[in-house]
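S.K.: Model the following, please.
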Amino acid sequence: MKVSTLKASILSFAFLFTNFVGFSQTIPNEQMMTSSNLKYGEIIKLIINEKDYFEDSLSIKLTSFSHKRSLTGGSTKATAYLNLSKNNVDEVLLLSVHGTDGKPNLEEYDSLSWEEYEFQLKSFKYDQYIEVVVTKRKKKI
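M.R.: Predicted structure coming up:
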């Protein structure tokens, strides 16, 4: 076998091998998706980096968390970042739990509105998930 033929064979094999790996159908962790029909008015568990859907095409994805450390005895705040999308409108919503010295009080979970939706934070597990209740208000005519 000639040296040039051997080089061509090796290059062809390397090219094919790298392309098969590049076209893998495995979804990376940051693109995980759950195509579920969530129900309004129920407690929903949103797991970080999973995209979920409501029946009217509202999508919601918990993307990250942040927290504010306090001085001893001071106030604390942990925040969950949500990407919301509907009808080509995208928004980032921040829901927080507030407490004192790292101990959250159940009465101090955020409730926020976006479009015709109300988001009420119910539970918070930092870097893992949150639980929310999403309600839909009737549009004013």
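
S.K.: what number of residues lie near residue 121?
M.R.: 20 (other C-beta atoms under 10 Å). (Each C-beta comes from the backbone N, C-alpha and C, glycine too.)

S.K.: doesn't residue 82 make contact with it?
M.R.: No. Using C-beta atoms under 8 Å, residue 121 is not in contact with residue 82, being 9.9 Å away.

S.K.: Tell me the confidence at residue 101?
M.R.: Reading off the confidence values, residue 101 has pLDDT 68.

S.K.: Quick check: beta-bridge partners of residue 133?
M.R.: residue 43, residue 120 (DSSP bridges).

S.K.: which residues of the chain fall in strands?
M.R.: 33-38, 43-47, 51-54, 59-68, 75-86, 89-100, 103-109, 111-114, 117-125, 129-136 (DSSP state E).

S.K.: circling back to that earlier point, quick one: common contacting residues for residue 121 and residue 82?
M.R.: residue 95 (C-beta atoms under 8 Å, 6 or more residues apart in numbering).

S.K.: ok, back up a step: just give me the lowest mean pLDDT stretch among the strands of the chain.
M.R.: Taking the mean pLDDT of each of the strands of the chain, the lowest value is held by strand 103-109, a mean of 64.

S.K.: what's residue 87 sitting at in phi/psi?
M.R.: Residue 87 adopts backbone torsions of phi 50, psi 50, taken as degrees, to the nearest 10.

S.K.: Tell me how many other residues surround it.
M.R.: 8.

S.K.: Residue 89 too?
M.R.: Around residue 89 there are 9 residues (other C-beta under 10 Å).

S.K.: Please apply the same query to residue 70.
M.R.: 14.

S.K.: next one: residue 94
M.R.: Residue 94: 11 neighbours (other C-beta under 10 Å).

S.K.: Spit out the contact partners of it.
M.R.: 79, 80, 81, 82, 110, 112.

S.K.: Hmm, residue 92 and the fourth one touching each other?
M.R.: Yes. Residue 82 lies in contact with residue 92 (C-beta under 8 Å); the separation is 7.0 Å.
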